[in-house]
Each structure stands twice: as C-alpha cells, then as structure tokens.
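**Q** Structure for this input, please:
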Amino acid sequence: MTNDEKPKLWESTPDRQQRNKDLYVLLGMMVRTAANVELMLQAIALNLVESPYAMQLVAGDSASRAAETIRRVIAANPRLSSDAGVDLSALLSESEALFRRRNGYVHGYWSASADPDGEQSLSTGRFRRSGDIEQSPLDADDLKELVSGLNGLDAKFRKWLVAWVSDGHQGSTT
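**A** As a prediction, this is how the structure comes out:
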C-alpha cells in the first residue's frame, strides 16, 4: 500500500489499533462505573425493603431488577410518597436511560463500516425483541459522556441514601 492509498475497511493500522485500545480503556471505565451504580441500587433496595429477608431478596440483583424492586416499594410505602420518593423515581428514570446505553456497548455487537470519505467508522448494535436492530455510533466521546453520567448518578444515589438514612429511615439490611 502506498502513502496515497487508504487502508481497506478490514485492515489494521497503528491509528486504528490505538483507537481500539482507547475505546477498550473507556469501556472498562464505563463498566466499572456502572457496577458502582448497580451496587448503589442494591443498597437502596436493601434499605427500603423492610424485611429481615431483604438480603435474600435483593443481593446480586441486576440494576434493572433492583430498580424495579425500588419502584415497587415506592408504590407501596406511604413514607415514599413524599419528595424523597419523587426524587428517587427521577433518579431511577435517569438510571434506566444510562443503563440502556451501557447495555448497547456491553451486550451489543461492534461493527465497522466505511463512511462517505472511505474512513472506517464504528457502531454498536443490538437485536431487540421486536426484531428491530438498535444501532448507535461507537466513539470515545460518547463513552466518556456515559462514564461521566454514570459517575454523576452514583453520587446522586449516594446523596439520596445518606439523606434518607439521616432522616431516620432505615430498613432491615441484616
């Protein structure tokens, strides 16, 4: 290949290798940050489920399952009909949106295609139960934004839980 020729879509180049390494580092950061948020969801669910069996009900739950448990407790517990429940519901909605994006990166396929200039562009996609394919561009800026969003959400959940416990609300976490 001469200097004027562009690499083929499937050919590896030092620039593409470095870009992929950078993406994998960001992917690792995003997965770790999402795991922290998932842990906070479990901690909140453990705190809200007022049962000596809370640990057996919640431990090891996925983020979506812990969020569903929290939503059910919000609906059933009159103490959560206040602003605290509204605030927590808003955080859960934010969490669901971020985890949908996270799932695209983690559970979706990654593919390369040529953009109009012949440059390689990356995307991620998932098959939906509806049969549709959900595709999104795969780029470092989006992953950085997702990491930032998950970090911010982790802090918001921590703040919510500290305020809830500080107000004297504590479920059975044993």
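
**Q** Pull out the buried residues from stretch 146-162.
**A** Residues of stretch 146-162 classed as buried by neighbour count (16 or more other CB atoms under 10 Å): 146-147, 149-150, 153-154, 156-157, 160-161. The C-beta positions use only the backbone N, C-alpha and C, and glycine is treated the same way.

**Q** Only C-alpha atoms, please: export that stretch in CSV.
**A** Backbone C-alpha positions of stretch 146-162 (Å, rounded to 0.1, in the frame of the first residue of the first chain) are rendered in CSV as follows:
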residue,chain,number,x,y,z
LEU,A,146,-21.6,7.9,29.6
VAL,A,147,-18.9,7.4,32.2
SER,A,148,-19.5,11.0,33.4
GLY,A,149,-23.2,10.5,33.5
LEU,A,150,-22.9,7.2,35.5
ASN,A,151,-20.4,8.9,37.9
GLY,A,152,-22.8,11.7,38.5
LEU,A,153,-25.7,9.3,39.0
ASP,A,154,-23.7,7.3,41.5
ALA,A,155,-23.1,10.5,43.5
LYS,A,156,-26.8,11.4,43.4
PHE,A,157,-27.8,7.9,44.6
ARG,A,158,-25.3,8.1,47.4
LYS,A,159,-26.6,11.6,48.4
TRP,A,160,-30.2,10.3,48.3
LEU,A,161,-29.4,7.3,50.5
VAL,A,162,-27.4,9.3,53.1
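
**Q** which residues sit against it?
**A** For stretch 146-162, the surrounding residues in contact (CB atoms under 8 Å, 6 or more residues apart in numbering) are 26, 29-30, 33-34, 36-37, 40-41, 43-44, 47, 84, 87-88, 91, 94-95, 98, 101-102, 105.

**Q** Can you tell me which of those are buried?
**A** The neighbour count (16+ other CB under 10 Å) marks 26, 29-30, 33-34, 36-37, 40-41, 43-44, 47, 84, 87-88, 91, 94-95, 98, 101-102, 105 as buried among the contacts of stretch 146-162.

**Q** a strand runs through residue 169, doesn't it?
**A** No - Residue 169 is assigned coil when assessed by DSSP: H, G, I helix; E, B strand; the rest coil, not a strand.
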